[in-house]
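A.B. asks: How does the following fold in three dimensions:
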Amino acid sequence: MRETVNISLTKKLKKEIDKVVDSGQYSSRSEFFRNLIRRWQKDQFSEPNNYQGSENVWEKSSKENFLNHYDKTDSIYDKI
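C.D. replies: Prediction:
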């Protein structure tokens, strides 16, 4: 069973995510964020010494480049 999580975004981030969803890359905003979390999980656990707890990951990532950190090839990540 799925749980619901609410997040707050800037208008700019919401518009960028909506552009990607509207382009058909993702079926919904929820799918976009589920994919982002899957990428984060894969990144954290793919290298044995990489996982240091979620607090350290968030501290290292600025708001402007957080998404860009995970996949520089997707246009959404370059714009945010």
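A.B. asks: Show me which positions of the lengthiest helix in the chain end up buried.
C.D. replies: Using DSSP state H, we find that the single longest helix of the chain is helix 29-46. Residues of helix 29-46 classed as buried: 32, 36, 40 (neighbour count, 16 or more other CB atoms under 10 Å). Yep, even glycine has a C-beta here, placed from its N, CA and C like the rest.
A.B. asks: want to throw the residues you listed into JSON lines with distance to residue 21?
C.D. replies: JSON lines is the format used below for those (distance: CB to CB, whole Å):
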{"residue": "32", "distance to residue 21": "6"}
{"residue": "36", "distance to residue 21": "13"}
{"residue": "40", "distance to residue 21": "19"}
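A.B. asks: circling back: dump the longest helix of the chain to PDB, keeping only the CA atoms.
C.D. replies: These are the backbone C-alpha positions of helix 29-46, laid out as PDB (Å, rounded to 0.1, in the frame of the first residue of the first chain):
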ATOM      1  CA  ARG A  29       4.500  14.400 -10.700                       C
ATOM      2  CA  SER A  30       4.400  11.400  -8.400                       C
ATOM      3  CA  GLU A  31       6.100   9.200 -10.900                       C
ATOM      4  CA  PHE A  32       8.800  11.900 -11.400                       C
ATOM      5  CA  PHE A  33       9.500  11.900  -7.600                       C
ATOM      6  CA  ARG A  34       9.400   8.100  -7.300                       C
ATOM      7  CA  ASN A  35      12.000   7.900 -10.100                       C
ATOM      8  CA  LEU A  36      14.100  10.600  -8.400                       C
ATOM      9  CA  ILE A  37      14.000   8.600  -5.100                       C
ATOM     10  CA  ARG A  38      14.900   5.400  -6.900                       C
ATOM     11  CA  ARG A  39      17.900   7.100  -8.500                       C
ATOM     12  CA  TRP A  40      19.000   8.400  -5.100                       C
ATOM     13  CA  GLN A  41      18.700   5.000  -3.500                       C
ATOM     14  CA  LYS A  42      20.700   3.400  -6.300                       C
ATOM     15  CA  ASP A  43      23.400   6.100  -6.000                       C
ATOM     16  CA  GLN A  44      23.600   5.700  -2.200                       C
ATOM     17  CA  PHE A  45      23.800   2.000  -2.100                       C
ATOM     18  CA  SER A  46      25.800   1.300  -5.300                       C
END
